[in-house]
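Novice: The sequence and its predicted three-dimensional model are supplied below.
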Amino acid sequence: MHKYSMMEARMWTEDEIDDLLNPLRSAQSDTQSIEIKEAVGGLPVSLAETVSAFANGTGGIIILGVSEHNNFAPAQGFQAKPIAEALAQMCRDKITPPLQPLIDIATYRDSTVVIAVIDEADPLDKPCYVRTRGRYSGSFIRIWDGDRKLSHYEIDRLLENRAQPTHDRALVEDATIGDLLPDLLQSILTTRRKQSPRIFGNLSNEEAMQSLGIAEPDGTGTLRPTVAGLLVAGNYPQQFMPRVNITFTCYPGYDKVFAGGVKFIDNCSFDGPIPEILDNVLNAVQKNMRIGGVLDGPFRKDTYEYPEDAVREAVVNAIMHRDYSPMAQGGQIQVNMYKDRLEILNPGGLYGDVTLQSISSPGATSTRNQTLAKLLECTPFHGGMVAENRGTGYSLINRLLQDNGNGEPEIYSTLNTFCVTFRSSDTSKLPDSRRDPRYAKWSDRPDVDYSSQQGSSHRESATTSRPKIIPFPQSTIHGTELSNQEMYNRYAKDIPGLNEAYARILGIRSEPLTANGESTLEETLIQLLMERGVAQTPELVKATGAPRSTVTYQLRKMLDKGIIERTQPARSPKQSYRLKTA
């Protein structure tokens, strides 16, 4: 983190400031990540809310001394130096925890403006709030161009990152051991004794149940099921938690509101213990999927619109990582199938240090419900266990979807909701050469038509608002050297922001990226990261010769585009960057 210093002033160029302001001029509004204030009469009181909102979200930029009402031109009478000092003072004294944003005074159209870069706060520091208003009244989040106060529920979820939640181990006071299925309970205990005979071999059933967190004694000594125990082995957990279940709905169009008049093709609500619910959900998804054909030598075999193992992994992750706190038990897991996609949503966003950027990395895991996760490792399901808990779930999902022609999963997370989306695979167009379009026979569900107005607009919205994981460039695949054109087609052709720069680096296009033919800073940074793999900001500043603030700003833009990713938490002093990996 850069400490504020007036010696760092005037490091932004006018072109960079115009890059920030031009989208605002078009929209005639602030945006999700940029806030504009005139600040002619002094520092606006509401600015503290914006600082809180940016810190609690994904960061943002504040520009002071610009008039929104005058087409975002410099504000007349703006005094840059005292405003910059007041902003730095406010971030230190009026925000908890104190922040030290990078604040610059820059020249813009013969005037001066103040630009402050607010980084996302460390998860352990959230919520970041206005000190005089307290945590539950002074915590904000950025929604489009405004700052919205965080709800008590959202603040509680942020605070959970500071300690391990135990909602899954809470007793269900009205339930008894008789509400557990004896056969399922016994199979779990038998499995655990086989897995760890020294630990569980000599324990009684009651002792083993307490050790596993299936049941605990209440204040009177009566053994009662926990939330996790009831969910895994209960006869009817929904008797006590009615909405802790899974719903499946198959819609005929691209949204829940369909112009054709048909609300849905299939609609189910699944209750019971987790193994039973999981089995029913997977059957419902399979029943409504379209089926194509694969040529395996002289034989034909079926291939599904969505790979079954990927669907299972995503549903199990939703079950394992959803929020089971009392305030969230009123929301169910939803599996929604549309004409062009399958969405799996669960209450509660990402937990711990797992981020949208790291979730697909092997080993990336942070478990909200430790007791439930451990129980699912010994809960039998279809010849194996419900879950493995090896931190490979989303890596496996990514690979399975790519192999099946679905593309990469799209992941969306807020404090309230987590959603993973699989795009439909047209099995007549899968990348494997064994797939023959003559065998692409769809079921009665309407064909996907991406050329339609409704479908195209939805796809554009989804891809621009949700991150895509970009493969790290490899020059050899299975020992075969790739040509530059093959590398471009494989890694960059369809990735906005990376395609032209990567093509120029590989030398497969002759046209320049800029009017004067010079290489852009973004292109240079991509080339440096290709050569070095991982690099820190000081290295990139030295290698490019550009001002530090310019490099920092460009890196932020590349993060937003999904071209690069951080290797450390956002505020780490050891921060470095790399091209995003699959």
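Specialist: Good, I have the coordinates.
Novice: Run through the protein and note the low-pLDDT ranges.
Specialist: Within the chain, the segments meeting pLDDT under 70 span 1-10, 258-262, 292-302, 357-358, 360-365, 390-392, 426-519, 549, 570-573, 581-582.
Novice: From Ala310, how far off is the spatially most central residue of the chain?
Specialist: Nearest residue to the geometric centre of the chain (C-alpha atoms, centre = their mean): Leu356, 3.3 Å. Separation of Leu356 from Ala310 (C-beta to C-beta, to the nearest Å): 18 Å. C-beta here means a position set from N, CA and C on the backbone, and glycine is covered the same way.
Novice: Same question for Val130.
Specialist: 43 Å.
Novice: More neighbours: which of the two?
Specialist: Ala310 (26 against 21; other C-beta atoms under 10 Å).
Novice: SS state for that one?
Specialist: helix (DSSP: H, G, I helix; E, B strand; the rest coil).
Novice: ok, and the closest non-adjacent residue to it?
Specialist: Using C-beta to C-beta, 6 or more residues apart in numbering and skipping the chain neighbours, the partner closest in space to Ala310 is Leu400 (4.1 Å).
Novice: where's the one you found relative to Pro569, distance?
Specialist: As judged by C-beta to C-beta, Leu400 and Pro569 stand 29 Å apart.
Novice: So for these two, which sits in the more crowded spot?
Specialist: Leu400 (20 against 15).
Novice: I'd assumed Tyr306 was in contact with the more buried one.
Specialist: No - checked against C-beta atoms under 8 Å, the pair Leu400 and Tyr306 is beyond contact range at 9.1 Å.
Novice: What are the buried residues along the host helix or strand of Leu529?
Specialist: Element membership for Leu529, per DSSP states H and E: helix 521-532. Neighbour counts over helix 521-532 (16 or more other C-beta atoms under 10 Å) mark 521-529 as buried.
Novice: what sits against Asp179?
Specialist: 225, 230, 234-236, 239-240 (C-beta atoms under 8 Å, 6 or more residues apart in numbering).
Novice: From those, list just the buried residues.
Specialist: 225, 230, 234-235, 240.
Novice: Show me those residues that map onto strands.
Specialist: Pro225 (DSSP state E).
Novice: Go through the buried ones among the contacts of Asp179 and name the one nearest Ala215.
Specialist: Distance to Ala215, by C-beta to C-beta, is smallest for Pro225 among those, at 5.2 Å.
Novice: Tell me if I'm right that that closest one and Val172 touch.
Specialist: Yes - here Pro225 reaches Val172: they are 5.4 Å apart, a contact under C-beta under 8 Å.
Novice: before we move on, back to that, distance to Pro380 added to the buried ones among the contacts of Asp179, as TSV?
Specialist: As requested, the buried ones among the contacts of Asp179 are exported to TSV (distance: C-beta to C-beta, whole Å):
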residue	distance to Pro380
Pro225	19
Leu230	18
Gly234	16
Asn235	17
Phe240	24
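Novice: Filter the buried ones among the contacts of Asp179 down to the ones in helices?
Specialist: Under the assignment DSSP state H, the buried ones among the contacts of Asp179 contribute Leu230 to helices.
Novice: pretty sure Thr220 belongs to a strand, no?
Specialist: No - Thr220 is assigned coil when assessed by three-state DSSP, not a strand.
Novice: Count residues in the vicinity of it, would you?
Specialist: Neighbour tally, Thr220, other C-beta under 10 Å: 6.
Novice: Would you quantify the distance from it to Pro569?
Specialist: Distance from Thr220 to Pro569, by C-beta to C-beta: 45 Å.
Novice: again, but for Asp18
Specialist: 32 Å.
Novice: swap in Pro182?
Specialist: Separation of Pro182 from Pro569 (C-beta to C-beta) stands at 46 Å.
Novice: ok, now Ile214?
Specialist: From Ile214 to Pro569 the distance is 35 Å (C-beta to C-beta).
Novice: repeat for Thr303
Specialist: 40 Å.
Novice: picking that back up, what about the residue nearest to the centre of the chain, is that helix, strand or coil?
Specialist: Following three-state DSSP, we place Leu356 in the coil state.
Novice: do Thr421 as well
Specialist: Counting by three-state DSSP, the backbone at Thr421 sits in strand.
Novice: Closest to Phe140 out of the buried ones among the contacts of Asp179?
Specialist: Nearest to Phe140 among the buried ones among the contacts of Asp179 is Phe240, at 35.7 Å by C-beta to C-beta.
Novice: Pretty sure that closest one sits against Leu171.
Specialist: No - using C-beta under 8 Å, Phe240 is not in contact with Leu171; the gap is 10.7 Å.
Novice: which stretches of the stretch 51-200 of the chain form helices?
Specialist: Ranges of helices in the stretch 51-200 of the chain, per DSSP state H, counting those that start in this stretch, are 80-93, 152-160, 182-195, 197-200.
Novice: And the last one, what's buried?
Specialist: The one in question is helix 197-200. Phe200.
Novice: which secondary structure elements does whatever helix or strand comes next after that helix contact?
Specialist: Where DSSP H and E defines the elements, the next helix or strand beyond helix 197-200 is helix 205-212. The helices and strands touching helix 205-212, judged by 3 or more C-beta pairs under 8 Å, 6 or more residues apart in numbering; DSSP states H and E, are helix 182-195, helix 197-200, strand 215-217, strand 223-225, helix 370-376.
Novice: Try it again at 10 Å.
Specialist: Applying 3 or more C-beta pairs under 10 Å, 6 or more residues apart in numbering; DSSP states H and E, one finds that helix 205-212 contacts helix 182-195, helix 197-200, strand 215-217, strand 223-225, helix 227-233, helix 370-376.
Novice: Next up, the contacts around the residue nearest to Trp12 when sequence neighbours are not counted.
Specialist: Residue nearest to Trp12 in three dimensions, not counting chain neighbours: Ala106, with 3.9 Å by C-beta to C-beta, 6+ apart. Applying C-beta atoms under 10 Å, 6 or more residues apart in numbering, we find Ala106 in contact with 9-14, 16-17, 63, 65, 80, 112-115, 549.
Novice: tilt between the one helix or strand Arg556 maps to and helix 521-532?
Specialist: Per DSSP H and E: Arg556 is located in helix 548-561. Taking axes from the mean of the first three to the mean of the last three C-alpha atoms, to 10 degrees, one finds helix 548-561 and helix 521-532 inclined to each other by 80 degrees.
Novice: distance between helix 548-561 and the chain's centre?
Specialist: Relative to its chain's centre, helix 548-561 lies at 20 Å (C-alpha atoms, centre = their mean, to the nearest Å).
Novice: strands paired with the helix or strand just after it, and their directions?
Specialist: Note on helix 548-561: by DSSP H and E, the next helix or strand toward the C-terminus is strand 564-566. Strand 564-566 sits in its sheet next to strand 577-579 (antiparallel), going by DSSP bridges.
Novice: who does Asp104 bridge with?
Specialist: Beta-bridge pairing for Asp104 (DSSP bridges): Ile115.
Novice: What is the burial count for it?
Specialist: Counted by other C-beta under 10 Å, the residues lying close to Asp104 total 24.
Novice: From Thr520, how far off is it?
Specialist: Counting by C-beta to C-beta, the separation of Asp104 from Thr520 is 21 Å.
Novice: try Glu120
Specialist: Separation of Glu120 from Thr520 (C-beta to C-beta) stands at 26 Å.
Novice: still on that earlier bit, and of the helices of the stretch 51-200 of the chain, who's closest to Asn317?
Specialist: helix 152-160 (17.5 Å).
Novice: same for that closest one, what does it pack against?
Specialist: Of the remaining helices and strands, those touching helix 152-160 by 3+ C-beta pairs under 10 Å, 6+ apart are helix 47-56.
Novice: Isn't Asp93 up against Leu87?
Specialist: No - when contacts are counted by C-beta atoms under 10 Å, Asp93 is not listed as touching Leu87 (11.2 Å).
Novice: For the two, indicate the residue with more neighbours.
Specialist: Neighbours per residue (other C-beta under 10 Å) separate Asp93 from Leu87, with Leu87 holding more: 23 against 10.
Novice: quick one: contacts for the more buried one?
Specialist: Leu87 makes contact with 4, 37, 39, 43, 47-48, 51, 62, 64, 101, 103, 114, 116 under the criterion C-beta under 10 Å, 6+ apart.
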